[in-house]
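[1] no sequence on this one, just coordinates:
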Ligand SMILES: Nc1ncnc2c1ncn2[C@@H]1O[C@H](COP(=O)(O)OP(=O)(O)OP(=O)(O)O)[C@@H](O)[C@H]1O
Ligand SMILES: [Mg+2]
């Protein structure tokens, strides 16, 4: 079953934001989607509590229980699973990568964040799973910065997703109220970026962008 791990050793890189937005996109596309939150900070779980419809379902789980929790979610009918992980969490990141079909590594394009990518790249080197850096919170008119950051990531042996998220208020404003960007600004740029990333991720996973019965 399509399982996406969101992994980055750096705190505040956008892991939870990416996890919530991808899982909610899957729900809007008609999939039964679950987020598995392995972060003791339980940010994704708190967001789930704030949501009116409790979709996607958010399941908290310690990293050592990840394999069985994914299995239980699958048997419970989940069709897409997104795993959120803590920063500095070697075990959590390793376990998440192990069960994933696709690994996304959100990172800001700034020097300290790129430096921290080295630790994540080390983890990926052993994983042999499709893994892509997703630049997040990219300031407007920063194409040169983005190009240089992409080169740094590639020099570490990491593949770079062709899409990124800009620095947009809709991401943090929506998360703070248990929502996602499209729910507070349906026509906004953040919503467009999320839609494009979900379309790209579903292609990577080999599933339809929109659920149809033939996917069952
Ligand atoms: N593209 C963006 N534009 C603006 N704000 C963003 C963006 N992405 C994330 N943020 C904000 O940055 C902060 C950190 O994001 P988030 O919690 O997703 O990071 P994280 O990697 O999960 O952090 P941690 O390592 O602590 O788990 C949050 O307040 C979030 O709303
Ligand atoms: Mg987080």
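    Structure received. Since the model is a prediction, treat every value here as computed from it, not as a measurement. Ligands and ions are numbered 1, 2, ... in the order given.
[2] ok and the residue in the protein nearest ligand 2?
    Relative to ligand 2, the nearest point of the chain is residue 16 (3.3 Å; Cβ to the ion). From N, CA and C alone the C-beta is placed, and that goes for glycine too.
[3] helices or strands next to whichever helix or strand residue 35 is part of in the packing?
    Assignment of secondary structure by DSSP states H and E places residue 35 within strand 33-37. Strand 33-37 is packed against helix 15-28, helix 43-50, strand 57-60, helix 66-75, strand 80-84, with contacts defined by 3 or more Cβ pairs under 8 Å, 6 or more residues apart in numbering; DSSP states H and E.
[4] show me what contacts the residue of the chain closest to ligand 2?
    Contact analysis of residue 16 by Cβ atoms under 8 Å, 6 or more residues apart in numbering lists 6, 39, 43-44, 47, 84, 175.
[5] of all the residues in the protein, which ones are close to ligand 1?
    11-17, 39, 41, 43, 86-87, 136-137, 165, 167-168, 171-172, 175 (Cβ under 6 Å from any ligand atom).
[6] buried ones in the helix ranked longest in the chain?
    Longest helix in the chain, counting residues (DSSP state H): helix 189-205. For helix 189-205, a neighbour-count test (16 or more other Cβ atoms under 10 Å) marks 190-191, 193-195, 197-198, 200-202, 205 as buried.
[7] Return the distance of it from the chain's centre.
    With Cα atoms, centre = their mean, to the nearest Å as the basis, helix 189-205 stands 11 Å off its chain's centre.
[8] hmm, back to that, check the residues of the chain next to ligand 1 for burial and list the buried ones.
    13-17, 39, 43, 86-87, 136-137, 165, 168, 171, 175.
[9] Farthest pair within these?
    Pairwise distances across these (Cβ to Cβ) peak at 24.1 Å, for the pair 86 and 168.
[10] Buried residues, the helix or strand bottoming out on mean pLDDT in the chain. List them.
    Sorting the helices and strands of the chain by mean pLDDT, DSSP states H and E puts helix 111-125 at the bottom, at a mean of 89. For helix 111-125, a neighbour-count test (16+ other Cβ under 10 Å) marks 113-114, 116-117, 120-121, 123-124 as buried.
[11] Dihedrals phi and psi, residue 160?
    Main-chain dihedrals, residue 160, degrees, to the nearest 10: phi -110, psi 130.
[12] Touching, it and residue 146? I think so.
    No - contact between residue 160 and residue 146 fails when scored by Cβ atoms under 8 Å: they sit 9.3 Å apart.
[13] For residue 58, see how far away the spatially closest residue to residue 156 that is not a sequence neighbour is.
    Excluding its sequence neighbours, the residue lying closest to residue 156 (Cβ to Cβ, 6 or more residues apart in numbering) is residue 121, at 3.9 Å. Distance, residue 121 to residue 58, using Cβ to Cβ, to the nearest Å: 28 Å.
[14] And for residue 199?
    23 Å.
[15] try residue 156
    31 Å.
[16] Which of those two has more residues huddled nearby?
    residue 58 (24 against 15; other Cβ atoms under 10 Å).
[17] from what I can see the more buried one touches residue 45, true?
    Yes - shown here, residue 58 and residue 45 form a contact pair, counting by Cβ under 8 Å, at 5.0 Å.
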